[in-house]
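1. Quick one, what's the 3D model for this:
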Amino acid sequence: MKYILILFLIFFTACSTKQAKISNGAIIIFKTPSMKFYDKGFVKVFDKYINLQIYNSGQVALNLDIYKNKICKGFLQCQDSKQFNKNYLNKNYDADFLYKLFSKKRVYFKDKTNGIFIKVKNINAI
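-> You can find the predicted model right below:
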C-alpha cells in the first residue's frame, strides 16, 4: 500500500504543468513568406521558454514553444532555432532572435527586405 501511494504521488506531481510567469491575451500578426497569421492568441512566458498560441475560429492555428536554441511546433516537433529561421524567417537572423523578440515588453519587428512582420498587441492594453 505504501508503494502504491508513493507511485500515485510521483505520477501526479510529474504530470503537473508549470505555471506561466506571464500570460497575456493578444492580437498577433506573424507574417513571413511561408506563414501568415493575424488572429487572437496568447503569449505565455515560462522560466525556460515562451509559448506562442494563435487561434483561428476557436482552434489552435499555431502553437510554438520558443527556446533560446530550439523552436517546437506542436508536440515533439522541435528543430534548431537556426534551422527554423532558415525555413520560416531568414538564415541571417541570430539563433535566439525569436526568443529575444518575444521576451520584450513590446513585440514589433518589421523587415521589408525579407517580407517579415511580427507584432503583438496585448488585449489588456486596448
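
2. Please point out which parts of stretch 25-40 sit buried.
-> Neighbour counts over stretch 25-40 (16 or more other Cβ atoms under 10 Å) mark 26, 28-30, 32, 37, 39 as buried. C-beta: built from backbone N, CA, C; applies to glycine.

3. what does stretch 98-117 give?
-> By neighbour count on 16+ other Cβ under 10 Å, the buried set for stretch 98-117 is 98-99, 101-102, 107, 109, 116-117.

4. And for it, what's in contact with it?
-> 29, 31-33, 43, 45, 49-50, 52, 64, 66-68, 71, 81, 84-85, 89-90, 94, 118-120 (Cβ atoms under 8 Å, 6 or more residues apart in numbering).

5. Of those, keep whichever come out buried.
-> The buried subset of the contacts of stretch 98-117 - by 16+ other Cβ under 10 Å - is 29, 32, 43, 49-50, 52, 64, 66-67, 71, 81, 84-85, 89, 118-120.

6. quick one: which of those sit in helices?
-> 81, 84-85 (DSSP state H).

7. List phi and psi for Leu101.
-> Dihedral pair for Leu101: phi -60, psi -50, per degrees, to the nearest 10.
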